[in-house]
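Novice: have a look at this prediction, sequence included:
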Amino acid sequence: MKSSLTVMALAAVALVAVALVPFQAGSNAELGRALGHPLWATLVSLVVSILVVIPIALAMQAAPPVFGATRHLPAWAWLGGVAGAIYVSSALILVPRVGATSFMVCVIAGQLIVSLLLDYFGWMNLPVREVSLGRVSGVVLVMVGMMTVLWFSPTATPAQQSAGQIVTGKVSS
């Protein structure tokens, strides 16, 4: 069994990692405005991700991928890339319209709901985990928090122009 110190250290790493997600949404939204369409920003963002991961994999001396094994994968194993593209595209389109806080609280609530289902049913070869009253109550509290954030969020205002838009006079929607 892992020590509570190890669990806390891993939780701290996870907290720092996910704290970067709103920055990703904001920077990608700006990139989308500069490139003229959110989908181009999705493509550029994913290419940049590849360029960052390759040197990390090399530095960590990761074994080369075994591509032959992929032919035995179930179709759902490829959904990670699809989900990533949908998430990045959705963030690019929605964050400028609803704001980073409203978007992120909905992302977190949605992730928790689906995570409970993944745990309960053991979908995607994950171990089955009990869905207890405490875990469901925690998710319900997050849902209440989501509704509170959405209820008290100000109405949308036009997005600020980027420096490039101000210089060129070009404004995209």
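Specialist: Received the coordinates, thanks.
Novice: stretch 13-25 - what's its average pLDDT?
Specialist: For stretch 13-25, mean pLDDT rounds to 87.
Novice: buried sites along that stretch?
Specialist: 21-22, 24-25 (16 or more other Cβ atoms under 10 Å). Every C-beta, even on glycine, is put in place using the N, C-alpha and C of the backbone.
Novice: closest to Pro74 out of the residues you listed?
Specialist: Closest approach between the buried residues of stretch 13-25 and Pro74, by Cβ to Cβ: Val21, at 27.7 Å.
Novice: including secondary structure, could the buried residues of stretch 13-25 go into TSV?
Specialist: Converted to TSV, the buried residues of stretch 13-25 look like this (DSSP: H, G, I helix; E, B strand; the rest coil):
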residue	secondary structure
Val21	helix
Pro22	helix
Gln24	helix
Ala25	helix
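Novice: need the residues you listed in a markdown table (columns: distance to Leu150).
Specialist: Output for the buried residues of stretch 13-25, formatted as a markdown table (distance: Cβ to Cβ, whole Å):
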| residue | distance to Leu150 |
| --- | --- |
| Val21 | 18 |
| Pro22 | 16 |
| Gln24 | 21 |
| Ala25 | 17 |
